[in-house]
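**Q** Fold the following and give me the result.
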Amino acid sequence: MASYMIKVAGEGLVSKAHRSADVGPTSGSSVIYEILNVPADVTIDDVISAFKSYKPQEKVYEIDYAALKA
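**A** The predicted model follows:
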């Protein structure tokens, strides 16, 4: 299983974040999320696509991939 770091910009753009980024709000208007337990055959593009239709809970920045697909 892998994990991916993604960044959600203030205007809603979702993209890959740097691997060493800290989760949570940034000094700008972006938020960094870590997506955990991603199956080996799932790409970062798949994760980003799944996240776009997901509504994260407030102040929860580590999300299991299965929750994105639920």
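
**Q** which helix is the longest one in the protein?
**A** helix 44-52 (DSSP state H).

**Q** Check which helices and strands that one sits against.
**A** Using 3 or more CB pairs under 8 Å, 6 or more residues apart in numbering; DSSP states H and E, the elements in contact with helix 44-52 are strand 2-8, strand 14-16, strand 31-38, helix 65-69. Placement of C-beta: from N, CA and C, glycine included.

**Q** And the contacts of it?
**A** For helix 44-52, the surrounding residues in contact (CB atoms under 8 Å, 6 or more residues apart in numbering) are 4, 6, 8, 14, 15, 16, 33, 35, 38, 65, 68, 69.

**Q** Any of those residues buried? List them.
**A** Neighbour-count burial (16 or more other CB atoms under 10 Å) applied to the contacts of helix 44-52 gives 4, 6, 8, 14, 33, 35, 38, 65, 68.

**Q** any weak-confidence spans in the chain?
**A** Judged against pLDDT under 70, the chain has no low-scoring part.

**Q** Contact partners for residue 18?
**A** In this structure, residue 18 makes contact with residue 5, judged by CB under 8 Å, 6+ apart.

**Q** Residue 23 now?
**A** Shown in contact with residue 23 (CB under 8 Å, 6+ apart): 5, 32, 33, 34, 61, 62.

**Q** If we use 7 Å, what do you get?
**A** Residue 23 makes contact with 32, 33, 34, 61, 62, according to CB atoms under 7 Å, 6 or more residues apart in numbering.

**Q** Ranking by neighbours, what's the top pick from those residues?
**A** Of all the contacts of residue 23, residue 33 has the most neighbours under the rule other CB atoms under 10 Å, reaching 23 neighbours.

**Q** beta partners for that one?
**A** Following DSSP bridges, residue 33 is listed with bridge partners residue 6.

**Q** my read: it touches residue 4, true?
**A** No: counting by CB atoms under 7 Å, residue 33 stays clear of residue 4, with 8.9 Å between them.

**Q** ok, back up a step: redo the buried ones among the contacts of helix 44-52 as JSON lines? Include distance to residue 45.
**A** Below are the buried ones among the contacts of helix 44-52 laid out as JSON lines (distance: CB to CB, whole Å):
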{"residue": "4", "distance to residue 45": "10"}
{"residue": "6", "distance to residue 45": "11"}
{"residue": "8", "distance to residue 45": "15"}
{"residue": "14", "distance to residue 45": "10"}
{"residue": "33", "distance to residue 45": "16"}
{"residue": "35", "distance to residue 45": "12"}
{"residue": "38", "distance to residue 45": "12"}
{"residue": "65", "distance to residue 45": "14"}
{"residue": "68", "distance to residue 45": "13"}
